[in-house]
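*Asks:* Below are the sequence and a predicted model; questions follow.
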Amino acid sequence: MKKSLERFLQYTSRNFFNCWLILGVDTLISGLCTLSAFIGIYYIVGIGWNIFQLLQVTAVSLLSSIIGDLLFNTYRNTIRYSEIKDLWRITCSVLFKTCCLAVYVFFILNGDRLFGSQNLVFVISDGMFTLIALIGFRVIVIVTYDSLIGMVRKTDTRVLIYGTDDKSVALKTRLRNSSHYKIVGFTVLIIVAAFLPILVFIHSRTSPILGR
């Protein structure tokens with residue numbers, strides 16, 4: 001069992017998962033969030049929803065999500081060690097989807113029985129649900145992978161890398177297959193108001209590279 005787990009971890013650390021698989025998962029998450037927000041707002045206001053309208057809104061959500069992901073490349077190089085500074089791609093993609101959905105709901109959708117403020121709540125809720133779900137998906141993968149790494153590398157020496165620039169990430173990449181060291185995070189130097197240098201630990205867990 002341990003050897004099989006080690007082979008799986010070696011594969012995920014040296015290879016990219018299919019980027020189209022990541023795009024598909026993101027699109028599915030986006031569609032489910034729209035379904036939840038649509039059904040939820042109609043349930044809250046106590047109005048029966050139309051299945052045809054639900055299909056229309058879901059189709060627009062899926063299409064705009066795919067276009068947004070393609071425009072901002074959210075499905076490539078995901079779950080990388082520099083993922084925090086790349087979250088703007090996910091945010092921009094979600095904003096693009098939200099704008100497309102707002103235009104459709106307010107100006108194109110026929111037979112809508114919701115008021116303008118209720119439609120606004122639906123659009124904002126959908127955007128928030130989608131953003132939280134997409135980030136949460138990536139966090140879950142990171143935590144899961146880190147737990148598996150910890151199971152097979154309990155005896156490795158835990159070390160930190162100074163800095164968070166490209167050279168630090170490159171060093172992390174070179175050491176991720178080391179049988180002696182386990183990178184648990186990065187340290188950066190921050191100057192506080194009193195001009196005293198302090199070391200701040202930025203927890204950046206080991207993670208697989210999904211997409212390419």
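*Replies:* That came through fine. Numbers count the residues shown, from 1 in each chain.
*Asks:* Buried ones in stretch 140-147, by neighbour count?
*Replies:* Buried positions in stretch 140-147, judged by neighbour count with 16 or more other CB atoms under 10 Å: 141-142, 145-146. To be clear about C-beta, it is placed using only N, CA and C from the backbone, and glycine gets the same treatment.
*Asks:* Flag the shaky bits of the protein, pLDDT-wise.
*Replies:* Counting by pLDDT under 70, the chain contains low-confidence ranges at 1-18, 77-86, 149-150, 152-156, 164, 176-180, 182, 188-212.
*Asks:* pull the longest helix from it.
*Replies:* helix 116-152 (DSSP state H).
*Asks:* Starting from that helix, tell me the next helix or strand along the chain.
*Replies:* From helix 116-152 onward toward the C-terminus, using DSSP states H and E, the following helix or strand is strand 157-162.
*Asks:* That following strand vs helix 116-152, what angle?
*Replies:* With axes from the mean of the first three to the mean of the last three CA atoms, to 10 degrees defining the directions, strand 157-162 sits at 130 degrees from helix 116-152.
*Asks:* tell me which residues in the helix or strand that strand 157-162 is followed by are buried?
*Replies:* Read in the C-terminal direction, the helix or strand following strand 157-162 is helix 166-175, with elements assigned using DSSP H and E. In terms of neighbour count (16+ other CB under 10 Å), helix 166-175 has its buried residues at 168-169, 172.
*Asks:* ok, which stretches of this structure are helices?
*Replies:* If you assign secondary structure with DSSP H, the helices in the chain sit at 2-14, 19-45, 51-72, 87-103, 116-152, 166-175.
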